[in-house]
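1. turn this into a structure:
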Amino acid sequence: MSMAENPTLTGTRVELAPLSPEHAPDLAEAVAVDDLWATWYTSIPAPDQMEAEIETRLDKQAAGLVAPWAVVDRASGKAVGMTTYLNLVPEHRRLEIGSTWIGRASQRTGLNTEAKLLLLTRAFDVLDCQAVEFRTHWHNRQSRAAIAGLGAKQDGVLRNHMVWRDGTLRDTVVFSIVRSEWPTVRLDLSSRVARR
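-> So this is what the prediction gives:
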């Protein structure tokens, strides 16, 4: 089984659907709310760049580099975000969950928590991962808090890790969940999803 496969993952409130060009209109609408795409410390495509972003992720998937999904709100049937397995290292049974964003209207609704539960379940229980990593910009405090809230532990900070699109240097905060932590993390996330 390839880590780059992206089967449909279905939860109670969210479905992770294999990313497709058909998701572009919904996703463009989701990022337009409050100009989410313009947030300086994130890398979220603008509405007019959505089709190209989807094409890029699908090209990387065809090369075996990523597994991309659309985050679909089951109540509305609309795609409200994107998420991806990336930095796939099958020989070491590791991957990263990243390049994730959820439209503002769907933030703090429980969709992201359930999406992460689905992704982590696949990573640990199906793909037999030893570790799942998360990375975010040092200044993305909302993302850092959300990742820690999943039960991930901060591994460290890669200082001056990337030249950002505006020419500034990005410090990247690295978190992970390892196999021995997964049973407790699963219980916590499952409990939180059930309470929503």
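
2. got a list of what Ser106 touches?
-> Ala30, Val71, Asp73, Val80, Gly81, Asn112 (Cβ atoms under 8 Å, 6 or more residues apart in numbering). C-betas here are computed from N, CA, C, even on glycine.

3. thought the fourth one was touching Asn112?
-> It stands for Val80. No: using Cβ atoms under 8 Å, Val80 makes no contact with Asn112, being 9.7 Å away.

4. what sits in contact with each of those two?
-> Shared contacts of Val80 and Asn112, defined by Cβ under 8 Å, 6+ apart, comprise Val71, Ile102, Ser106.

5. any idea how far the second one is from Ser76?
-> When Cβ to Cβ, to the nearest Å is applied, the distance between Ile102 and Ser76 equals 13 Å.

6. the two: who's more crowded?
-> Neighbour count, other Cβ atoms under 10 Å: between Ile102 and Ser76, Ile102 has more, with 22 against 11.

7. check what pLDDT the residue sitting furthest away from the middle of the chain gets.
-> No residue in the chain sits farther from the centre than Gly167, which is 24.4 Å out by Cα atoms, centre = their mean. The per-residue pLDDT reported for Gly167 equals 89.

8. and Asp34, by the same measure?
-> Predicted confidence (pLDDT) for Asp34: 83.

9. how about it, what does it touch?
-> If you count contacts by Cβ under 8 Å, 6+ apart, then Asp34 has Arg104 around it.

10. and it, how far from Glu53?
-> Going from Asp34 to Glu53 by Cβ to Cβ gives 19 Å.

11. just confirm Ala70 is within a strand.
-> Yes: with DSSP: H, G, I helix; E, B strand; the rest coil as the criterion, Ala70 is assigned to a strand.

12. isn't it right up against Leu16?
-> Yes: Ala70 is in contact with Leu16 according to Cβ under 8 Å; the separation is 7.3 Å.

13. show me the strands in the protein, by range?
-> 9-10, 14-18, 67-73, 78-89, 94-102, 131-137, 153-163, 169-178 (DSSP state E).

14. tell me the buried residues in the last one?
-> This points to strand 169-178. Arg170, Val173, Val174, Phe175, Ser176, Ile177, Val178 (16 or more other Cβ atoms under 10 Å).

15. same check, this time on stretch 55-63
-> Those would be Arg57, Leu58, Lys60, Gln61, for stretch 55-63 by 16+ other Cβ under 10 Å.

16. ok now it, how far from the chain's centre?
-> In terms of Cα atoms, centre = their mean, to the nearest Å, the centre of stretch 55-63 is found 16 Å from the chain centre.

17. model confidence over it, on average?
-> Stretch 55-63 comes out at a mean pLDDT of 97.

18. so who does the spatially closest residue to Asp188 that is not a sequence neighbour touch?
-> What sits nearest to Asp188 in space, not counting adjacent residues and going by Cβ to Cβ, 6 or more residues apart in numbering, is Gly151, at 5.8 Å. Listed by Cβ under 8 Å, 6+ apart, the contact set of Gly151 reads Ile177, Glu181, Thr184, Val185, Asp188, Leu189.

19. perfect, I'm done here.
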